[in-house]
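Asks: Based on what follows, work out the 3D shape:
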Amino acid sequence: MKRTFPVLGLLSIAVVAHAGDKAPYKLAGVFTETCACGIPCKCELTGEVPSNCQGVGAFKITSGSYAGADLSGVTIAYAVKPGEWVRAYIDAPDKSRRDAAEKFARAVYKDWGTMEAVKDAKIAIQGTNGNYTVSVDGGTIMSYTIEPVLGGDGKTALTHGNTHNALTSTFYQAKSKSMAYRDDTRTIELASGRNGYFNDRMEKSGQL
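Replies: This is a model prediction of the structure:
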């Protein structure tokens, strides 16, 4: 979700930075998230952040780069209370891509709140077509499951386009089936039926 700050939304990301601070990025992969908002999440679509907004997400980069450094094979997860705190988790094939992923994560989430921690973790994103189960460290830190919300044809997910998210301009609508997050003193638990988004054809480039 992302937001336009001072507050943020759960993955729409309007990055406010001086041009000289930005670096080019390009990525493709799979994007998922779920949050406490009702369907659809206003944070991603309008930048409005409800007071109860908090959530989690994860995305896998099948190919990509940031500031010239390789990001292919990297998976990043996050937990956020928009405007307050963010925690990021990285699963990378090697140290160089892990270091690049941390720089990328800090750039992506810099306006979401205070980055409290960036940790190494085992992140799994399993499923297809909007039916995804995500776990961080086998679910001991984070676990969630989403399913698609079908559009008018009764076959494909409702679609939101032309968003401002740095990771994907298109969101396919989903809803949560289950979600739990706990790391140190930070906890989030969501009831089923809350907002979710996904894009199994995530593709974006720009400057962050």
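
Asks: Only C-alpha atoms from now on, for both contacts and neighbour counts.
Replies: Will do.

Asks: for this structure, what spans make up the helices?
Replies: 42-46, 95-108 (DSSP state H).

Asks: Need the residues that contact the last one.
Replies: Spelled out, it's helix 95-108. 13, 15, 66, 69-72, 74, 76, 88, 90-92, 115, 118, 166, 208 (Cα atoms under 8 Å, 6 or more residues apart in numbering).

Asks: What about these, which are in strands?
Replies: Among the contacts of helix 95-108, the members falling in strands (DSSP state E) are 13, 66, 69-70, 74, 76, 88, 90-91, 115, 118.

Asks: and Gly206, how many residues sit next to it?
Replies: Neighbour count for Gly206, taken as other Cα atoms under 10 Å: 13.

Asks: Which of the helices of the chain has the highest mean neighbour count?
Replies: By mean neighbour count, with neighbours taken as mean count of other Cα atoms under 10 Å, helix 42-46 ranks first of these at a mean of 21.

Asks: how close does the nearest residue to Tyr172 once chain neighbours are set aside sit to Pro148?
Replies: Nearest residue to Tyr172, sequence neighbours excluded (Cα to Cα, 6 or more residues apart in numbering): Thr159, at 4.6 Å. Going from Thr159 to Pro148 by Cα to Cα, to the nearest Å gives 10 Å.

Asks: and for those two, which residues touch both?
Replies: Each of 172-173 lies in contact with both Thr159 and Pro148 under the rule Cα under 8 Å, 6+ apart.

Asks: is the closest residue to Ile188 other than its chain neighbours in a bridge, and if so with what?
Replies: Closest residue to Ile188 apart from its sequence neighbours, by Cα to Cα, 6+ apart: Tyr181 at 5.0 Å. On the basis of DSSP bridges, Tyr181 is bridged to Met142, Ile188.

Asks: Report the beta-bridge partners for the spatially most central residue of the chain.
Replies: The geometric centre of the chain, computed from its C-alpha atoms, lies nearest to Gly57 (Cα atoms, centre = their mean), at 4.0 Å. Gly57 forms beta bridges with Glu33, Tyr78, as assigned by DSSP bridges.

Asks: contacting residues for it?
Replies: Gly57 neighbours (Cα under 8 Å, 6+ apart): 1, 31-34, 77-79.

Asks: coming back round to it: isn't the residue nearest to Tyr172 right up against Phe171?
Replies: Yes. Under the criterion of Cα atoms under 8 Å, Thr159 makes contact with Phe171 at 5.9 Å.
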